[in-house]
Each structure stands twice: as C-alpha cells, then as structure tokens.
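>>> next one to model:
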Amino acid sequence: MIRIQKKKWLNLGVTLIISAALFASSIPEAYAKSEDKKPVAKEEIYKERKILYDQISAVSGVPWYYLAAIDQYERTMTKVHPKDRAHEERLTGVFFEPQLWSGILNPDSTDRNPLSIEVFGGYGLDGTGDNIADPNNDYDVLYSMARITSKYGLSSDDLGIALWQYYQNSRSVQRIQQFAKIYKHFDTLDLAQHAFPLPLSNSYSYRSTWGMSRSWGGRRIHEGTDLFAPHGYPVRSTCYGVIEIKGWNPFGGWRVGIRDLDNHYHYYAHLSGFDKSVHVGSLVTPGQNIGWVGSSGYGKPGTQGKFPPHLHYGIYRDSGLTEWSFDPYPLLRQWENDEYRARKAKKNSKK
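Predicted structure coming up:
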C-alpha cells in the first residue's frame, strides 16, 4: 500500500513538473512581487483563484471546492490572528508556520530546498517545478496543502480525517466542510453579497443595542441588535451560508443560526416560526425567507409574549477555538442602505 501511494505521488509529481511552465506563466501579475501594486477588482481575484484551484485540483485530485474551502478558512483565521499568521500579500490565504514548512527538526527554519525539507519531515513542496519550496508562492503553498488533505484518499470522509489530523480541531474540519458544501452547490467564488434581514419598509425600527445589560437568566450583555417589527413580519437570510442550528433556546426562543463564508455565525432569535425550507444543513441565499418575527423565548419551549415582537440579530466571529460577538449595527445600516440604493437604481433604469 505504501509503495502504491509513493508511486501515485511520484506520477503526480512528474505531471506537475511537466505543467510547470503553464503554472508559472499563469501566476497573476497583480500578485507578483512589485513595488507598484495596483488594486485588483474582486471579480478578477475570484477568477484567478478559481484558475489556481482548478490547476491544483487537476494534479492532486482534491476537488476545487475543497481547496477553495481550505483557502477561505485559512483566510478567516488570518483575519482574527493577523500577527501570528502574517505573510506577504498573495492570492492564497493558506499559512504554514516556518517550522512546519521546513520541518520541526530542521536547523534552518527558512529552508526552501524541497529535498532537505522532505528529509526533516516538513510540509513544504515545490508546486511549480523550479526546485524551490516557497511558503509565499501560491502554487507551492496550495499544492502542499493538497498533498496533506489527500493523504488518506479523496472521499469526503478521507479528506475529513486528513484535515482533522492536520488541524487537530473538529471545529476547523466542520467549517471547511461547510464552506466546501457552499462552494460546490453554488459553483462560484463570488458569494460575498448580503441583504438586510427584514424586507425594506416603514414597518420596522432599530438602533444600536449591542453591549446593553440584560438581567433575565443572569447578568449578561446584549449580544446583538433588536429590530422591532410586527408579529409575523418576514425574516430573511443576510448572506450565503448553511443552516448550522435550528430550534429552541431558552434565551432566544425559536432561533436559527447560519454560518457564512467569512466564518461568521448569524443568529436570528425570538422567531414565531420557521420557513419550511429551513433545516440544519440546508443552504440559504441573501434575502431568502427563513422565518417570521415573534416574541418567543425567556422560558421553556413555546414561551411567548414576555416582550414586544422583534428580531434579535447577532453576529459572532470564530477564532478557531471560541466565538465572540461583535456589534452588527454598522453592517445592518450598510446592507439596508445598499438595498435602498439598488432599488432606486433599478427604478431609475426603467424610466
């Protein structure tokens, strides 16, 4: 079995070397080392990333959407740990600690020689065929991660086992699998759009209530924004994502939790009911109806009416081990204004 595995990777390595010229020529100019870097449109970045994922997928067998999911998860970790994971600006977000890249016992933590890195058991590989394993080269980095991910095979279970062995964290594996499911279903990387959680009208009102004190259930702070609206008013998903939790919570009543590709957990509480399309594991899009405003919560399942009907909306950021809330009010204002502007632009275009 070991000989077969070695032969398999030897053949893949030969294939990769043959393709080195193609790989090197397609490295995005915007991410080449240059003192005069110009801003690149998101659409162009998505395009270049997709090309990268497809190329690495072709030589490793790892589905492009898994590579995209790993890359995106790594990017979210860098956002919450910018000092610990600092690296040069590049197309990929995958980060390897220097000692893991070169090998724990390698006396040279800056080693770029693929042969000596292999001797010391480092993760670094040459993905472009230039005999250099560069931790800041997009192809080297993603190819190395693809080798780690496909260590036990290419089924979803095999990929999950390899990811757990690498991250040693079930949360990391869950996030990557959630992201992969989203990318596979929508078949695009351009999934950053958002929507206001309520249909635009004069029927609702809200202000910044994050951080205010709460007393029911013990002393605590308010980890979200309350949007007051009539009972039964539609509640919408603000993002592309996957339903992570659905059901009763003593504090939030009937609630839904959605995980998005920024690794944010969107929490919708005090609902009067759920849309029939909402199930744990189902995917949602911005503006999709997920339930209705209510006044459930503060008690056992079914408790209603202890406060005026409203939607409690919160956002939590995942640090890899824990989650913490942040004030969603600025984003709510932004999404509401964006939607009003889009509506106005659409109306003007019809004139």
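>>> which helices and strands does the strand or helix carrying residue 51 pack with?
Using DSSP states H and E, residue 51 sits in helix 42-60. When contacts are defined as 3 or more C-beta pairs under 8 Å, 6 or more residues apart in numbering; DSSP states H and E, helix 42-60 sits against helix 2-18, helix 64-80, helix 138-149. Every residue, glycine included, has its C-beta placed from N, CA and C.
>>> repeat that for 10 Å
If you count contacts as 3 or more C-beta pairs under 10 Å, 6 or more residues apart in numbering; DSSP states H and E, helix 42-60 packs onto helix 2-18, helix 20-25, helix 64-80, helix 138-149.
>>> next, the angle helix 138-149 makes with the third one.
Meaning helix 64-80. Per axes from the mean of the first three to the mean of the last three C-alpha atoms, to 10 degrees, the angle that helix 64-80 makes with helix 138-149 is 110 degrees.
>>> C-terminal to helix 64-80, what's the next element?
Sequence order places helix 98-102 as the next helix or strand after helix 64-80, per DSSP H and E.
>>> what's downstream of that following helix, the next helix or strand?
Following helix 98-102 in sequence order, the next helix or strand is helix 114-119 (DSSP H and E).
>>> what sits up against that next one?
13, 101-103, 105-108, 111, 113, 122-127, 130-133, 140, 144 (C-beta atoms under 10 Å, 6 or more residues apart in numbering).
>>> in that helix, what's buried?
Buried residues in helix 114-119, counted by 16 or more other C-beta atoms under 10 Å: 114, 116, 117.
>>> can you tell me the helix or strand for the residue lying closest to the last one once chain neighbours are set aside?
It stands for residue 117. Nearest in space to residue 117, with sequence neighbours left out and distances taken as C-beta to C-beta, 6 or more residues apart in numbering, is residue 124 at 4.6 Å. Counting by DSSP H and E, residue 124 is held by no secondary-structure element, helix or strand.
>>> how close does residue 124 sit to residue 118?
Look at residue 124 and residue 118: by C-beta to C-beta, to the nearest Å, they are 9 Å apart.
>>> the contacts of helix 114-119, buried ones only, as a PyMOL selection?
This is how PyMOL selects the buried members of the contacts of helix 114-119, with burial counted by 16+ other C-beta under 10 Å:
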select buried, resi 13+101+102+103+106+111+113+122+123+124+125+126+127+130+133+140+144
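>>> residues near the residue nearest to residue 318 when sequence neighbours are not counted, how many?
Leaving out its chain neighbours, the residue that sits closest to residue 318 by C-beta to C-beta, 6+ apart is residue 263, at 4.6 Å. Neighbour count of residue 263, defined by other C-beta atoms under 10 Å: 23.
>>> spit out the contact partners of residue 263.
Counting by C-beta under 10 Å, 6+ apart, residue 263 has contacts 72-73, 75-77, 79-80, 171, 175, 178-179, 316-320, 323.
>>> cool, residue 92 as well?
31, 49, 52-53, 56, 67, 70-71, 74-75, 136-142, 145.
>>> so residue 324 sits in a helix?
No. Secondary structure assignment (DSSP: H, G, I helix; E, B strand; the rest coil) places residue 324 in strand, not in a helix.
>>> which stretches of this protein have low pLDDT?
1-39, 211, 213-221 (pLDDT under 70).
>>> and the residue nearest the centre of it?
With distances taken as C-alpha atoms, centre = their mean, the chain has residue 261 as the residue nearest its mean C-alpha position (2.9 Å).
>>> test my guess that that residue contacts residue 182.
Yes. With contact defined as C-beta atoms under 10 Å, residue 261 reaches residue 182; the gap is 6.2 Å.
>>> which residues do those two both contact?
Common neighbours of residue 261 and residue 182 (C-beta under 10 Å, 6+ apart) are 68, 69, 72, 191, 240, 241, 242.
>>> can you lay out these as a markdown table showing distance to residue 204 and neighbour count?
Conversion of the shared contacts of residue 261 and residue 182 to a markdown table gives the following (distance: C-beta to C-beta, whole Å; neighbours: other C-beta atoms under 10 Å):
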| residue | distance to residue 204 | neighbour count |
| --- | --- | --- |
| 68 | 36 | 25 |
| 69 | 35 | 25 |
| 72 | 32 | 24 |
| 191 | 26 | 18 |
| 240 | 23 | 23 |
| 241 | 22 | 26 |
| 242 | 26 | 20 |
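>>> dump these to CSV, plus distance to residue 95.
Shown next, in CSV, are these (distance: C-beta to C-beta, whole Å):
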residue, distance to residue 95
68, 16
69, 15
72, 13
191, 22
240, 24
241, 24
242, 24
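>>> residue 310: which of these is nearest?
Closest to residue 310 out of the shared contacts of residue 261 and residue 182 is residue 241 (22.2 Å), distances taken as C-beta to C-beta.
>>> is that closest one bridged to anything, and to what?
Assessed by DSSP bridges, residue 241 has beta-bridge partners residue 260, residue 284.
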